[in-house]
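Engineer: coords please:
(one chain, ligands or ions: 3)
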Amino acid sequence: MDEHLSVGPAPSFYGQTLEQHLLQMQRRQTGATGDFTGLFHQIALAAKIIASQVSKAGLANILGLTGDVNVQGEEVQKLDIFANNTLVRCVQQGGHVCVMGSEEVEEPIPIPPQYPKGKYVLQFDPLDGSGNIDINASIGTIFSIHRRKTPGNGPGTIVDCLQPGRDIVAAGYVIYGSSNMFVYSAGQGVHGFTFDPAIGEFFLSHENLRIPKRGDTYSINEGNYHKWDEPVRAWVDWVKRDEGDHKAYKLRYIGAMVADFHRTLLRGGIFVYPPDRKNASGKLRLLYEASPLAFVCEQAGGSATDGTTAICDVIPTELHQRTPLYIGSPDDVADALRFVGPRA
Ligand code: AHG
Ligand code: MN
Ligand code: MN
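Structural biologist: Numbers count the residues shown, from 1 in each chain. Ligands and ions are numbered 1, 2, ... in the order given. A predicted model of the protein is given here:
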């Protein structure tokens, strides 16, 4: 045989794609049907479409897309609505989910009658940190997947949506930043994939991510200082002061939780959105923001609490319920709890 025609192994310098990684995980699970891998495939497709649109956001003025109506006379969607609709459209036809939930939509999102209903529930914040779009700073998509609770294979209901982080099957986020990354956990560690725009694929770049036990950075909107309760103020006063072995922490705050969390996951430290006088339960949404990232954080060896209870143990009672959040390196969260926790 002509040696030039022989097909060798695929070049390995790029490593595993997200899809190859999921298939490998699927093969390890007895009884896996491929449903889960199929659902992920659709989420990843939506992420690529959103990423492509996000990268063009700065061109909006030049392309005349800032008004409500574009040159074709079509109404132009805001990017967070575009992201929402992209996820819904990519996922609803796959037959893997029975209902969806989104930060952008008041009620559970049904699957149209013409599509089969599956055994999973997908919930998401389609675009987190959307205030950052205009300033070219990082934004992201956060998602979680649960098994349906209602029996049968009919449409899912709100009961399927109101599930705690502890019952998450998989969760993750996509960050649209200086590079685009897909980070997820399906209960077997946390894995990060970086998007190569030339190939159009996410490649495994961060296998089995572990959050440092302690960091040196705190992340909070300190502009709210005078609206916080005394324990939160006392913790912030302490964290930025040299005291004995404790060295003053650095402050970093991007204003997009997904980006602040991503840094916290890689470098360690703590991200906090506490209750304040304006927002008695904080600002972040349990189902679409706190719970998925708490699941990822725990899987990476970190912790996440609302000040009293581990976020993953909080049973949601409302779709758009808000929660205080202390998330990050276990030692840093424990330090914060010394100030704000139940026996503080
Ligand atoms: P969203 O863009 O999905 O509404 O979320 C914004 C959230 C979160 O990403 C971020 O951590 C927080 O709002 C920032 O709030 P402040 O501007 O109050 O600090
Ligand atoms: Mn958000
Ligand atoms: Mn959002």
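Engineer: tell me the domain boundaries of the chain?
Structural biologist: What automatic domain parsing lists as the domains of the chain is 18-206, 217-340.
Engineer: End to end on the longest one, go ahead and measure it.
Structural biologist: End-to-end span of domain 18-206 (C-alpha to C-alpha, to the nearest Å): 11 Å.
Engineer: right, is that domain up against ligand 1?
Structural biologist: Yes - using C-beta under 6 Å from any ligand atom, a contact is recorded between domain 18-206 and ligand 1, made by 103, 125, 128-131. (C-beta placed from N, C-alpha, C; glycine too.)
Engineer: can you give me the helices for the stretch 1-150 of the chain?
Structural biologist: Under the criterion DSSP state H, counting those that start in this stretch, the stretch 1-150 of the chain contains helices at 18-28, 35-55, 79-92.
Engineer: for these, which one sits closest to ligand 3?
Structural biologist: Closest to ligand 3 of the helices of the stretch 1-150 of the chain, according to C-beta to the ion: helix 79-92, at 5.4 Å.
Engineer: Local confidence estimate at residue 73?
Structural biologist: Looking at residue 73, its pLDDT reads 55.
Engineer: next one: the one 10 residues further on
Structural biologist: In the predicted model, residue 83 carries a pLDDT score of 94.
Engineer: Could you report the pLDDT at the nearest residue to it once chain neighbours are set aside?
Structural biologist: Closest residue in space to residue 83, ignoring its immediate chain neighbours: residue 126 at 3.7 Å, by C-beta to C-beta, 6 or more residues apart in numbering. Residue 126 is assigned 96 on the pLDDT scale.
Engineer: What mean pLDDT does stretch 91-106 get?
Structural biologist: Across stretch 91-106, pLDDT averages out at 97.
Engineer: May I have the beta-bridge partners of residue 184?
Structural biologist: Taking DSSP bridges as the rule, residue 184 bridges to residue 172, residue 191.
Engineer: Quick check, it in contact with residue 172.
Structural biologist: Yes - the criterion here is C-beta atoms under 8 Å, and residue 184 meets it with residue 172 at 3.0 Å.
Engineer: Overlap in contacts, the two.
Structural biologist: Among the neighbours of residue 184, those also in contact with residue 172 (C-beta atoms under 8 Å, 6 or more residues apart in numbering) are residue 296.
Engineer: returning to that earlier point: out of the residues of domain 18-206 next to ligand 1, list just those in strands.
Structural biologist: Among those, the members falling in strands (DSSP state E) are 125, 128.
Engineer: still on that earlier bit, want to throw the helices of the stretch 1-150 of the chain into TSV with mean neighbour count?
Structural biologist: Below are these laid out as TSV (neighbours: other C-beta atoms under 10 Å):
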stretch	mean neighbour count
helix 18-28	16
helix 35-55	20
helix 79-92	21
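Engineer: Of all these, which one is nearest residue 311?
Structural biologist: When the helices of the stretch 1-150 of the chain are compared by C-beta to C-beta, helix 35-55 sits nearest residue 311, at 21.7 Å.
Engineer: which other residues reach the closest one?
Structural biologist: Contact with helix 35-55 is made by 18-19, 22-23, 26, 79, 82-83, 86-87, 89-91, 94, 96-97, 118-120, 122, 126-127, 133, 139, 141, 143, 145, 169-170, 174, 176, 180, 182, 184, 186, 195, 200, 202, as judged by C-beta under 8 Å, 6+ apart.
Engineer: again, only using 7 Å
Structural biologist: If you take C-beta atoms under 7 Å, 6 or more residues apart in numbering as the criterion, helix 35-55 is touched by 18-19, 22-23, 26, 79, 82-83, 86-87, 90-91, 94, 96-97, 118-120, 122, 139, 141, 143, 145, 174, 176, 180, 182, 195, 200, 202.
Engineer: The domains of the chain: lowest mean pLDDT?
Structural biologist: domain 18-206 has the lowest average pLDDT among the domains of the chain, namely a mean of 90.
Engineer: in the sheet, who's paired with the closest residue to residue 163 other than its chain neighbours?
Structural biologist: Residue nearest to residue 163 in three dimensions, not counting chain neighbours: residue 146, with 4.6 Å by C-beta to C-beta, 6+ apart. Residue 146 has these beta-bridge partners by DSSP bridges: residue 121, residue 168.
Engineer: so residue 146 makes contact with residue 169?
Structural biologist: Yes - in this structure residue 146 lies within contact range of residue 169 using C-beta atoms under 7 Å: 6.1 Å.
Engineer: who's more crowded, those two?
Structural biologist: The neighbour comparison of residue 146 against residue 169 (other C-beta atoms under 10 Å) goes to residue 146, with 26 against 18.
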